[in-house]
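Colleague: Quick one, fold the following:
(chains A, B, C and D, ligands or ions: 4)
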Amino acid sequence: MRLELRGITKRFPGVIANRDINITVEPGEIHALLGENGAGKTTLMNVLFGLYQPDEGEILIDGEPVTFHDPGDAIAAGIGMVHQHFMLVPVFTVTENVMLGVESVRGPLGQQLDRPAARKRIVEISDAHNLHVDPDALVEDLPVGVRQRVEIIKTLYRHSNLLVLDEPTAVLTPQEDEELFEIMRSLQASGTAIVFITHKLNEAMEIADRITVLRAGQVVGTTTPTEATLESLAEMMVGRHVALVVDKEPATAGEVVLDIEDLVVQDDRGHVTVDGLDLQVRAGEIVAIAGVQGNGQTELVEAVTGMRRPAAGRVRIGGQLVKLEPRAILEAGVAHVPEDRLEEGCVPAFSIAENLVLNTYYREPFSNGLQLDREAIQQAATGLVRDFDVRTPSVFNPVANLSGGNQQKVIVAREFSRPISLLIAAQPTRGLDVGSIEYIHRRIVAKRDEGAAVLIVSTELDEVFALADRIAVMYQGKIVDILDPEVATPQQLGLLMGGSRPVGIVEAEAAGERTHVVTSGG
Amino acid sequence: MTAAVKAAPAVIVDRKAIRRQRFLGVAYLLMAAVVAYFLTGDLQGSQTSTFLLKPAGNQGGLDVPSIVVPSLIVVYLAAAICAALGAIQLVRGFGARWAIVLGVVVVAFVFAFLTWAAAGKSMSLIGILQLTVQKSLPITFGALSGVLCERAGVVNIAIEGMLLSGAFTGAVVGSATGSNLIGLVAAALVGAALAGVLAVLAIRYRMNQIVAGTVINIFASGLTSFVASRVLQSHRELNEPTKFSSIPIPVLSDIPILGPMFFSGNLFYYLLFALIGLIHYGLFYTRWGLRVRAVGEHPRAADTVGINVIFTRYRNVILGGVVAGIGGAYFTLGSTGSFVHDMTGGRGFIGLAAMIFGGWTPIGGFLASLIFGFADSLQARLSILNVSVPSEFLLMVPYLVTIIVVAGLVGRVRMPAADGTPYDKG
Amino acid sequence: GGGTPAPSTAAPTGTPAASEAAVASPTVAPIAYKACMVSDTGGIDDHAFNENAWKGMTDAQAKTGVQVKFLESNSESDYAKNINQFISEKCDMIVTVGFLLGDATKAAAAANPNTRFAIVDYAYTPAIPNVEGLVYTTAEGAMLAGYASASWSKTHTMGTFGGINIGGPVTDFMDGFVAGAHYYDKQKGTKTTVLGWDPVKKTGSFTGDFSSIDNGKTLSLGFLDENADVIMGVGGPIGQGAFAAIQERSATAVGLGVDVDWYISVPQYKSLILTSVLKKIDVSVEAAVERGIAGTAPQAVFVSTLANGGVGYAPFHDYDSQITADTKTELDALQQAIIAGTVKPSDYFAAP
Amino acid sequence: MPVLAIFSALVIGAVVIVLSDLTFFERLRADPALALGSALDEVFRAYGALFTGALGSPSTYVDAFTSGDTARMTQAFVPLSETMLSATPLIFTGLAVALGFQCGLFNIGAEGQLYVGAMFGTFAGFFFAGLPWFIHLPLAIGFGFLGGALWGFIPGLLKARTGAHEVIVTIMLNYTAYNLISWILKVPGYQREGRSDPISKVTLDTSWYPVLIDGLRANWGFILGLAAAVLVSWFLFRSTRGFEFRAVGFNPTAARYAGMSIASTTIMAMTLSGGLAGLAGTSVVLGVTHSLTFGVSGGFGFDGIAIALMAGSKPRGIILASLLFGALRAGATPMQSITGVPIDLVVVIQALVIMFVAAPALVREIYRIRVPETTGLETFSQGWRA
Ligand SMILES: Nc1ncnc2c1ncn2[C@@H]1O[C@H](COP(=O)(O)OP(=O)(O)OP(=O)(O)O)[C@@H](O)[C@H]1O
Ligand SMILES: Nc1ncnc2c1ncn2[C@@H]1O[C@H](COP(=O)(O)OP(=O)(O)OP(=O)(O)O)[C@@H](O)[C@H]1O
Ligand SMILES: [Mg+2]
Ligand SMILES: [Mg+2]
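Modeller: Ligands and ions are numbered 1, 2, ... in the order given. Below is the predicted model of the structure:
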């Protein structure tokens, strides 16, 4: 199938997400789509998939203009999409998820689900492309990598000959990346065209036949891996020369501030996800926890910040056994930048000023114990908004109306504005653009240099390498190794994150091999 | 590659489970104490309690012998069972079987209570069981309505209003046309219309669904009372529908105990059983059900595979309205024969509790409704036997049972993930 | 036939539906006198005393041409407001229905000595000069009905239930019913069990409201299960639950109406109605209005009794043939004894 | 917007008046024009009576003031006084529901809390004899608050500890409370001597809310309601604890991250909410009836929901909305008396008002108003999640 997008424009209130975009995808081609956060990649694909209607422009398949009113039309036309956020029903089995919408049925009324028939086809498909899954497993019990395979099976089940993969590698380990690439090549061999969205330039270079770069909703250019270099791609994406590596001095580690001993934490379903974990973080150093999603990082942070009661273990902060309860931990001088800024970090309906005192509102000078001092709150807020460069017309604006980066700045401003001895930051730059990432990174390093202990949890290897003084690798609820970022390589790290332990961590090759292109966010 | 981490090692202490273990243990011991102390006071050793299993009156059915038990011994036995289980519960717990043990204790407690109430007398046990089913009927209709709506992701707290409107419409249309069948259809349609309003408010205008439902409840109560006092009061003939008469099913109705409970009722019984089966089959074995559940769990995922989320929700809410309307018609066309304002007395809300208790499944909802029906039937029977508990407290029983069930279970059952969340196509 | 002396004034029976017709077309020329009624929270469609009292008002209108109107109360705080509304509309006479309005009526009567009041089911001690309390010795009529029921009962088990245990207006019926059964037992040496009410302990079966027929039916099914074959439900529409239950079980059992003759007002169940306990609120209200029009001085208490025909029991209608002539004679004798004061219901509250 | 909502509700109410009059259809067949005319006439008469019954009629005011007779002047203010009197319990229940809303809780139990509050308040009213009014009245009010608070504490505790949804628990507690007062009204010592019907002893006049003006029924309960509104407003928007309430209401997860206790805030919010509803109970028994029967609430608890919604849970709006609903209730009496339209119409109108207010998009659509959607108060929990 030959796909042509011609002059696609899509506007949202206040944003032009796609502006006059022209792209063609040839049959059997792997076409990479690159671009910064918010460049409009997902929007374009949603237009292609019938989730959005384009304001202008048309879609042609094999030269024929088509209109997709909803995803059903796109699926019927042979387009399959693996979404950035998986579209799987957790409580359904793999078979049910795959057959949903195109169910095999039997029975006199033609209504009864024919699960065996569907299961048979799924097994066929997975055998043909090496996509191993148990058709009867519940999706919620599957690890992310397997879920992604389910998504791919879903599209193949619908006879797609054009497959859109929206940032499929963001949640995978390097090993899983490789497995995915194998699958992509196998599909390509069978004539399927693939649109592959990624932030990771080297991935595009490795797998793509052609690469199109979007910036601010427009096509900047289309190139091929042979013509382009990593540097040229980065420059196309950002629009200027990129040399963003965080400057930081070597750490001068001091006292142990955070001391975690034998910690056991269960998740909501009662599974043990942190399993006897030990970790120490010292003043003046940044420890980054690297790991694939679902290995207990979330529960670890929740436990240490008092959001989840551990089943066993001890947590000492500044040498004291603290009561693991949010307020007690805050009072112990811990700052926390939570993973989900809108759900956990702020009250979007509250004003910026109110959010800036969300965890200090009850103390002098903001409250006399009974009544809030609005004057003091406003003054403090005005100062912080200035210091942290939050772009807003007024401190009384609701945080909901800020952009993601500015929302994150509000949270960082709040957490960094008090004297702290320990900073815990989970995915501190998720979904942020280059500028914001750089800003937040600088602030974090500055906190370290002031003598705070810093614990970072990030799924972004680039971020981990950019910030960490020590990298703690977490796998199945345990710290399986601690690496020195100066000597470790992403490959080693990836292997450890995936659970395989290299035979003795050998001295790393030259550090120069690594490219810290900080543009890779979300 | 990661693998889902499972099976907690033995060292893990589940604090919740421990708290539950202690709480239940103490509760069982208390129940044992209540039984042993309060229920034995005025019993004589020679007294017996007779439980009749043969339906009274002219109902058919095989001759079933009565159960005669020595009152005092049974009461002490029940106390002993409660105490023993309570002690074991406290000391080492029952692990995953705690729910079964709880069931055993409750049954022992209730049986002791009945034995006490019937000491020296006879009590129609079959009557209590028959009434249990009967009282659970409208509750189950409500629960089914809730299942239909919530499986598609719309919370329907307006069931009470739909029941009430169904009762009203059934009576009025049934009387006006002289056909109770037309009345039933009209009730279903009015239920559907109210559900339509709920659907428009909740889906199109994205109003908070609980508020939308409450508005409909207030509206239904106000409107039916208004029309009842303006029209029905002077046109009594509009409030005299013929009821559906009982249709005992040959052979089945002769089965001891179960026959009189389930197979001697009127149209509504069989309609309900058919609906339970149909909805259960539909939800879990058909294409329709798979899509409905997908919409209730993850509407965006459903959307991306070409399922019309909005349409599915409208359709299910309206189907839920139809079921609630029929359930409402039961009050007038199936049970009492005339409409009185606010006659549903909170059964719609209890239906919701039954739906939650039943884990959002039709069969679970029915079983839960039977528990509420039993509470209702039991309190009525106790008042008849003139036990020395003020009638006001007996009347609280079904409501208190609801609270206990909701408090005890809501955290443990899993609701459809998108329940109550409006869908924004983006 | 039944032993109730037919009141000479009112139409022998009347469906409540008559009220509207009466409003629409008074049979006599209107007069200037204005009689106004305030219902309690039950509303005038309560199938019980509000409705019955309103019928008395409209009967008075049909007969005398008096202007009548009513106000329903939504809540307790409406009582005084409603009475005041009528005072501001210059009603000559205000009839309040039910003991719930006792306090509000008293206050209004004190504040408006020139307005005449009548209150149903309530009387003041000491009396208030411009208020007539209309009370009923309901238990007397109920005792006769209970006697007849006990004579009819094949199982010697009967049942009775009420709406809310509000005392007199509800439980007088139940008291009398039980007393009648006990009196029968004493005469005949039988042992009749009356389920659902104990006049001594004042506890029994109640539906918890005056609207849930379904709860009434639940209790009645319970009575039937315990072998009862005569059931009396007291509290407006809930009593119909008894008939619904009998019909559903197709039991050989009967029910009793209350307040008015249900053979006429609830015709769909007439084949199951043994008799009804009559409490002629309509007659007493109509009489009170007529006294108001005539300008006779208010009586402190106007007691409707068996003697003056204000309470009683309805004819047996379809069941006339099943009540033996002996029983009818005994009923007449009992009626005379009650009127004479030689038999009092309260003497038979406890089982013999 | 609220004006349009009220207008729409009145229009539909008019349709209901006309359609529920069965003679209308006969007349429509006979002479459509005349029938429509008389229907309109009936609607105007009904609404006219409703309005003058709520606010008084201008001519009465003019006559009264020109006559200079104080009694007549007082009399002219009766409708307004009745409106205030009817509004009083509604202010409290409205505040009760709004306080819950602000904390993300949907308290449908104001009705039951009102019952229990009235039960406690009445007890204090007749039990503590020999106190001067300035001690007795506050004591009785305090008891009322306590009773309601107790009845609000239960669902709060259950929600915080077990996740039981407050909507179902509070509804069930409404029924329970109703049976509870039915029972206590028969308990010797609580029941009035010499009465067999369920009615409490008469409260002592030292526990009564004093009337505002002699000859009118409006009393200081109304003033207490205004004061409560000011206090609630301060509490929610100025106080430290109120900040927590709103944060928990808008985003409980973030509130927990910020160190606030969801459990204690939930319990406290339900308790305070119940206490306010309990005050509504005192405004009836200590302000109007002076004793308790089971008819104490005419659905004030449910009207409170409507009022809180209409007011967007803002105390100032609650006062206005309560006055509106009070006016509807006060005007309903003369409306029924003069035109025979049943008072239940008011309930229908109220339900319609809530519907239109709660779904602003609907009103906008009807009147083709184009305004960007401002985020309303969509805070309370969705579904049955704890
Ligand atoms: N539903 C929407 N409503 C309004 N604006 C939107 C919507 N969806 C996307 N946008 C805006 O459109 C722009 C493009 O977003 P899009 O999600 O396509 O970016 P992207 O390139 O996929 O970024 P990322 O790498 O973060 O996934 C952004 O400015 C975004 O805020
Ligand atoms: N709910 C909202 N109401 C009003 N404006 C909004 C809302 N959400 C986002 N915006 C505005 O839409 C624009 C795009 O938002 P978006 O979050 O995509 O920003 P962004 O380009 O990703 O910026 P950042 O890099 O800071 O994340 C911003 O200008 C933001 O202020
Ligand atoms: Mg994207
Ligand atoms: Mg962004």
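
Colleague: just the helices in the stretch 51-200 of chain D please.
Modeller: Secondary structure of the stretch 51-200 of chain D (DSSP state H, counting those that start in this stretch): helices at D:58-67, D:70-76, D:78-102, D:110-127, D:133-162, D:166-184.

Colleague: The longest one and chain A in contact?
Modeller: No. Between helix D:133-162 and chain A, judged by C-beta under 8 Å from any C-beta of the partner chain, nothing touches; the nearest distance is 14.8 Å. From N, CA and C alone the C-beta is placed, and that goes for glycine too.

Colleague: now that helix against helix D:166-184, angle please.
Modeller: Comparing the axes of helix D:133-162 and helix D:166-184 via axes from the mean of the first three to the mean of the last three C-alpha atoms, to 10 degrees yields an angle of 130 degrees.

Colleague: any idea of the mean pLDDT for helix D:133-162?
Modeller: Throughout helix D:133-162, pLDDT has a mean value of 93.

Colleague: For whichever residue of the stretch 101-250 of chain B sits closest to chain C, pull up the helix or strand it's in.
Modeller: Of all residues in the stretch 101-250 of chain B, the one sitting closest to chain C is B:Gly127 (2.7 Å; C-beta to the nearest C-beta). Of the helices and strands defined by DSSP states H and E, B:Gly127 is found in helix B:125-151.

Colleague: Columns mean neighbour count and distance to ligand 2 on top of the helices of the stretch 51-200 of chain D, output as CSV?
Modeller: As requested, these are arranged in CSV below (neighbours: other C-beta atoms under 10 Å in any protein chain shown; distance: least, C-beta to the nearest ligand atom, whole Å):
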stretch, mean neighbour count, distance to ligand 2
helix D:58-67, 13, 48
helix D:70-76, 15, 52
helix D:78-102, 30, 21
helix D:110-127, 30, 33
helix D:133-162, 23, 30
helix D:166-184, 25, 29
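
Colleague: Show me the shaky parts of the chain.
Modeller: Chain wasn't specified; assuming chain A. When the per-residue scores of chain A are filtered using pLDDT under 70, the ranges that remain are A:37, A:171, A:173-174, A:240-246, A:269, A:431-435, A:500-522.

Colleague: not quite, I wanted chain B
Modeller: In the predicted model of chain B, residues B:1-17, B:56-63, B:95-96, B:409-413, B:425-426 satisfy pLDDT under 70.

Colleague: and the residue sitting nearest the centre point of it, what element?
Modeller: With the centre of chain B defined as its mean C-alpha position, the nearest residue by C-alpha atoms, centre = their mean is B:Ser369, 2.1 Å away. Remark: B:Ser369 resides in helix B:362-384, with elements defined by DSSP H and E.

Colleague: what's the answer for D:Phe222, then?
Modeller: When elements are assigned from DSSP H and E, D:Phe222 belongs to helix D:220-238.

Colleague: Take the next helix or strand after that helix, keep the C-alpha atoms, and write them as CSV.
Modeller: The C-terminal neighbour of helix D:220-238 among helices and strands, as given by DSSP H and E, is helix D:240-250. Coordinates of the C-alpha atoms in helix D:240-250 are reproduced here as CSV (Å, rounded to 0.1, in the frame of the first residue of the first chain):
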residue,chain,number,x,y,z
THR,D,240,-5.9,26.7,56.9
ARG,D,241,-8.2,23.7,57.4
GLY,D,242,-10.4,24.9,54.6
PHE,D,243,-7.5,24.9,52.3
GLU,D,244,-7.0,21.3,53.0
PHE,D,245,-10.7,20.6,52.4
ARG,D,246,-10.6,22.1,48.9
ALA,D,247,-7.3,20.6,48.0
VAL,D,248,-8.6,17.1,49.0
GLY,D,249,-11.8,17.9,47.1
PHE,D,250,-10.1,18.9,43.9
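
Colleague: A:Leu180 touches A:Leu172, doesn't it?
Modeller: Yes. Checked against C-beta atoms under 8 Å, the pair A:Leu180 and A:Leu172 is within contact range at 6.5 Å.

Colleague: Return every residue with contacts to both of these two.
Modeller: Residues touching both A:Leu180 and A:Leu172 (C-beta atoms under 8 Å, 6 or more residues apart in numbering or on different chains) are A:Gln148.

Colleague: Return the residues in contact with the residue nearest to D:Ser20 when sequence neighbours are not counted.
Modeller: Counting by C-beta to C-beta, 6 or more residues apart in numbering or on different chains, D:Ser20 lies nearest to B:Arg230, which is 4.8 Å off, once chain neighbours are set aside. Remark: with contacts taken as C-beta under 8 Å, 6+ apart, B:Arg230 is in contact with D:Ser20, D:Asp21, D:Val341, D:Pro342, D:Asp344.

Colleague: does any bit of stretch B:161-176 sit next to chain D?
Modeller: No. Judged by C-beta under 8 Å from any C-beta, stretch B:161-176 stays clear of chain D, getting no closer than 9.6 Å.

Colleague: Counting by contacts, list what the next helix-or-strand element following the helix holding B:Gly127 packs against.
Modeller: Toward the C-terminus, helix B:125-151 is succeeded by helix B:159-177 as the next helix or strand (DSSP H and E). The criterion is 3 or more C-beta pairs under 8 Å, 6 or more residues apart in numbering or on different chains; DSSP states H and E, and the helices and strands that helix B:159-177 contacts are helix B:125-151, helix B:180-199, helix B:209-227, helix B:309-329, helix B:347-357.

Colleague: winner for burial among those?
Modeller: With neighbours defined by mean count of other C-beta atoms under 10 Å in any protein chain shown, none of the helices and strands packed on helix B:159-177 is more surrounded on average than helix B:347-357, at a mean of 30.

Colleague: now that one and helix B:125-151, what's the angle there?
Modeller: 80 degrees.

Colleague: Tell me the helices and strands packed up against helix B:347-357.
Modeller: Identification of packing neighbours for helix B:347-357 by 3+ C-beta pairs under 8 Å, 6+ apart yields helix B:125-151, helix B:159-177, helix B:362-384, helix B:391-409, helix D:166-184.

Colleague: relative orientation of the longest one and helix B:362-384 in degrees?
Modeller: Interaxial angle, helix B:125-151 versus helix B:362-384 (the same axes, to 10 degrees): 140 degrees.

Colleague: Next, see if helix B:125-151 gets close to chain A.
Modeller: No. Contact check for helix B:125-151 against chain A, using C-beta under 8 Å from any C-beta: none in range, with a minimum separation of 11.6 Å.

Colleague: residue contacts, the spatially most central residue of chain D?
Modeller: What sits nearest the mean C-alpha location of chain D, by C-alpha atoms, centre = their mean, is D:Leu90, with 2.3 Å. Contacts for D:Leu90 (C-beta under 8 Å, 6+ apart) come out as D:Ala280, D:Phe300, D:Asp303, D:Gly304, D:Ile307, D:Ala321, D:Ser322, D:Phe325, D:Gly326.

Colleague: quick one: pLDDT of it?
Modeller: 94.

Colleague: same question, D:Pro360
Modeller: Reading off the confidence values, D:Pro360 has pLDDT 69.

Colleague: Show me the helices in the stretch 51-200 of chain C, by range?
Modeller: Counting by DSSP H, counting those that start in this stretch, residue ranges of the helices within the stretch 51-200 of chain C are C:78-88, C:102-111, C:138-152, C:168-188.

Colleague: Establish whether stretch D:114-126 and chain B are in contact.
Modeller: No. Stretch D:114-126 stays clear of chain B (C-beta under 8 Å from any C-beta), getting no nearer than 12.5 Å.

Colleague: which stretches of the stretch 101-250 of chain C have low pLDDT?
Modeller: Across the stretch 101-250 of chain C (using pLDDT under 70), nothing gets flagged, so there are no ranges to list.

Colleague: Right, and ligand 3 sits closest to which residue of it?
Modeller: Residue of the stretch 101-250 of chain C nearest ligand 3, by C-beta to the ion: C:Asp214 (57.2 Å).
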